[in-house]
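Visitor: I'd like to go over a predicted model; first the sequence, then the structure.
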Amino acid sequence: MHEMALGQGLVDALVEQSRVHGFAEVRAVKLAVGALGHVEPDALAFCFDVVSAGTLAEGAVLEIERPEGTAHCMGCGSDVTIMSRVDPCPLCGGFRLMITGGEDMKIRELEVR
Ligand SMILES: [Zn+2]
């Protein structure tokens, strides 16, 4: 389950941030998980709860946004938004899409103390 590794990576990032910015506790994390990434938000939330136990992020509320993916259609030349890798171009129905965004996971906001 690679969400466990991602949850751990997230906690590591929070610990790192706390060193840089000098906070002692994370109360809420707003994450953006691109709709085209291979991350299951529910699984990630579960894993985050597990790996954050005993850290400064224990009990933090994890809020996950799913920004749409973006792609460039080679068929009609448009830049479009899609919610899944297997979606066709919403404009021309073509399948020759080059993914240009929406695959990564980013921390959007932190509520700290
Ligand atoms: Zn198209």
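Guide: Okay, I see it.

Visitor: Against which helices or strands is the top helix by length along the chain packed?
Guide: Secondary structure assigned by DSSP state H gives helix 2-21 as the longest helix of the chain. Applying 3 or more CB pairs under 8 Å, 6 or more residues apart in numbering; DSSP states H and E, one finds that helix 2-21 contacts strand 26-33, helix 41-52, strand 105-112. For the C-beta atoms, the positions are set from N, CA and C on the backbone; glycine is no exception.

Visitor: Might you enumerate the residues of the chain proximal to the ion?
Guide: 73, 75-76, 89, 91-92, 94 (CB under 5 Å from the ion).

Visitor: so which of the helices and strands packed on helix 2-21 gets nearest Ile82?
Guide: Nearest to Ile82 among those is strand 26-33 (15.3 Å), distances taken as CB to CB.

Visitor: on that earlier part again, mind putting the helices and strands packed on helix 2-21 in JSON lines, mean neighbour count included?
Guide: Conversion of the helices and strands packed on helix 2-21 to JSON lines gives the following (neighbours: other CB atoms under 10 Å):
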{"stretch": "strand 26-33", "mean neighbour count": "19"}
{"stretch": "helix 41-52", "mean neighbour count": "18"}
{"stretch": "strand 105-112", "mean neighbour count": "14"}
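
Visitor: With mean pLDDT added, can I get the ones you listed in TSV?
Guide: Listed next are the helices and strands packed on helix 2-21 as TSV, based on pLDDT from 0 to 100:
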stretch	mean pLDDT
strand 26-33	96
helix 41-52	95
strand 105-112	95
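
Visitor: hmm, back to that, considering the residues of the chain next to the ion, which possesses the most neighbours?
Guide: When neighbours are taken as other CB atoms under 10 Å, the top entry among the residues of the chain next to the ion is Cys73 (21 neighbours).
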